[in-house]
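Undergrad: coords below, sequence missing:
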């Protein structure tokens, strides 16, 4: 039986060959949202996170019929900003549109990520509370990215706290 990769191995080696099944991620409440193009990946991620002990709150959509990603990005963003869920995962065709929608909600720091290194740095440096994924991403890659995003703590370095405070205080 092959040795399971650790979180450090994943980050150091940009490990993306298979899903990491056992990172001992603590049980938390996570929000998921998608448009129609992200629906299938959202369903797979929901099952995966349930097996890891997470409580999942689904903010839509509920099927593969064409829909508008802003509606679901706003719902997820509001839930994260209000503290109804600790973190969020947003999925649309490219991951870009829904990330823009989430970021319209004050208090949200949503990052569109494509690999585990970005997932790590968006947590350590930006304290992102939502990640956005491409709905066509392979499931194994999405699982690895989500594992790193949910497990990685914010660094609490002063320079990063200062930058986040600047984002939080911006009002145009």
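TA: Now that the structure is in, tell me what you want to look at. For clarity, every value in this text was computed on a predicted model and none was experimentally measured.

Undergrad: Contacts for stretch 109-120, please.
TA: Residues outside stretch 109-120 that contact it (Cβ atoms under 8 Å, 6 or more residues apart in numbering) are 10-11, 14-16, 77, 88, 90, 95-96, 99, 102-103, 122, 126-134, 137, 141, 144-146, 148-149, 152, 164, 167. No exception for glycine: its C-beta is placed from N, CA and C like everyone else's.

Undergrad: need the contact list for the spatially most central residue of the chain.
TA: Ranked by distance to the mean C-alpha position of the chain (Cα atoms, centre = their mean), the top residue is residue 131 at 3.0 Å. By Cβ under 8 Å, 6+ apart, the contact list for residue 131 reads 87-90, 110-113, 119, 122, 145-146, 149.

Undergrad: and residue 32, what element?
TA: Here residue 32 is covered by strand 29-34, with elements defined by DSSP states H and E.

Undergrad: what helices or strands is that strand leaning on?
TA: Packing partners of strand 29-34 (3 or more Cβ pairs under 8 Å, 6 or more residues apart in numbering; DSSP states H and E): helix 39-51, strand 55-58, helix 69-82, strand 87-92.

Undergrad: most tightly surrounded among the ones you listed?
TA: Counting by mean count of other Cβ atoms under 10 Å, strand 87-92 has the highest mean neighbour count of these, with a mean of 28.

Undergrad: So which elements touch the helix or strand just after that one?
TA: Next in sequence after strand 87-92, counting helices and strands by DSSP H and E, comes helix 96-103. Under the contact criterion of 3+ Cβ pairs under 8 Å, 6+ apart, helix 96-103 touches helix 69-82, strand 87-92, strand 110-112, strand 130-134.
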